[in-house]
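S.K.: The following comprises the amino acid sequence and a computationally predicted model.
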Amino acid sequence: MSIIKVIIPAYNEQDSIAKVIQDIPSMVDEIIVISNNSTDQTEENAKNAGATVLQENRKGYGFACLKGMDYVAKQAIKPDIIVFLDGDYSDYPEQLTALVHPIINDNIDFVIGARVKSLRESGSMTPQQVFGNWLATFLMKLFFGAKFTDLGPFRAIKYTKLLDLNMEDKTYGWTVEMQLKALKQKLTYIEIPMKYRNRIGVSKVSGTVKGSVMAGIKILGWIFKYSFK
């Protein structure tokens, strides 16, 4: 039986975090919520819902994910699979079973939950998100022959393969860094179409002009960095 741990970065997600945790399938061994400098009841609500709660006061999606990975690395028994999931309830956590299926049954290294248009709730992705995803995946196809269609944050990866990637991005480039390094290291990968809905609350990245611009710059920076290595 595979040991599965879920890492959830969360910044002020008090209204959604318990819903996310409660919908995660029982096959998961531990749910780790990293409070990324939250100032509301995110931590308390996550603890009450049964999650392990860590604190990372340096703001940044990557900082939070790295904190979760550091916690896992110090455990005596290591997981087989790590799942990354957002805390805003835009994904459907119950689809985690489908997400990890290719790893468990087909020995795939890395699985992306793709937010396909036909399964997305109207308005759940901003125009800048849609364009950014298209541009990033187009460039990855152009430079690396990649078959990715999305930078979706709902993703699963073998723990040993995740360690091999030597992840380092601290902020907006975490997802694209993982995908680029997976391509460079020739990991086997697949996308699984996922449902996607309007998040609870306002996005801290795509919901602001500054966040959208900074995320775009970071994503393109990673792509061009790896394209000319």
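M.R.: It's in. Computed from a predicted structure; not experimentally measured. Numbering: from 1, shown residues only.
S.K.: Can you show me the helices along the protein?
M.R.: Using DSSP state H, the helices of the chain run over residues 17-22, 42-48, 61-73, 96-106, 127-144, 159-165, 174-184, 209-227.
S.K.: Among the ones you listed, which comes closest to Asp150?
M.R.: Closest to Asp150 of those is helix 127-144 (C-beta to C-beta; 5.5 Å). For the C-beta atoms, the positions are set from N, CA and C on the backbone; glycine is no exception.
S.K.: Need the residues that contact the closest one.
M.R.: When contacts are taken as C-beta atoms under 8 Å, 6 or more residues apart in numbering, the neighbours of helix 127-144 outside the stretch itself are 115, 125, 146-151, 176, 179-180, 183-184, 206, 212, 215-216, 219-220, 223, 226-227.
S.K.: Could you turn the buried ones of those into a PyMOL selection?
M.R.: Buried members of the contacts of helix 127-144, identified by 16 or more other C-beta atoms under 10 Å, are gathered into one PyMOL selection as follows:
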select buried, resi 115+125+146+148+149+150+151+176+179+180+183+206+212+215+216+219+220+223+226
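S.K.: hmm, who's touching the lowest-mean-pLDDT helix or strand in the chain?
M.R.: Within the chain, confidence by mean pLDDT, DSSP states H and E is lowest for helix 209-227 among all helices and strands, at a mean of 73. Residues lying outside helix 209-227 but in contact with it, judged by C-beta under 8 Å, 6+ apart, are 126, 128-129, 132, 135-136, 139-140, 143-144, 151, 169, 171-173, 176-177, 180-181, 184, 203-206.
S.K.: Now do the buried residues in stretch 36-44.
M.R.: Residues Asn36, Ser38, Thr42, Glu43 are the ones in stretch 36-44 that count as buried (16+ other C-beta under 10 Å).
S.K.: Mean pLDDT lowest where, among the helices of the chain?
M.R.: When mean pLDDT is averaged over each of these, helix 209-227 scores lowest at a mean of 73.
S.K.: tell me the angle of that one relative to helix 174-184?
M.R.: Here helix 209-227 points in a direction 10 degrees away from that of helix 174-184 (axes from the mean of the first three to the mean of the last three C-alpha atoms, to 10 degrees).
S.K.: can you give me the offset of helix 209-227 from its chain's centre?
M.R.: Distance of helix 209-227 from its chain centroid, counting by C-alpha atoms, centre = their mean, to the nearest Å, is 17 Å.
S.K.: Also stretch 73-81?
M.R.: The gap between the average C-alpha position of stretch 73-81 and the chain average comes to 19 Å, counting by C-alpha atoms, centre = their mean.
S.K.: What separation do you get for the closest residue in space to Gln22 that isn't next to it in sequence and Gln41?
M.R.: Spatial nearest neighbour of Gln22, excluding adjacent residues (C-beta to C-beta, 6 or more residues apart in numbering): Ala49 at 6.0 Å. Applying C-beta to C-beta, to the nearest Å, the value for Ala49 to Gln41 is 11 Å.
S.K.: Look up phi and psi at Gly173.
M.R.: The main-chain torsion angles of Gly173 are listed as degrees, to the nearest 10 and equal phi -90, psi 10.
S.K.: can you pull the pLDDT of it?
M.R.: Looking at Gly173, its pLDDT stands at 90.
S.K.: do the same with Arg120
M.R.: At Arg120, the predicted lDDT confidence score is 96.
S.K.: Setting the sequence-adjacent residues aside, check what's closest to it.
M.R.: Going by C-beta to C-beta, 6+ apart, Arg120 has Tyr196 as its nearest residue, at 4.6 Å.
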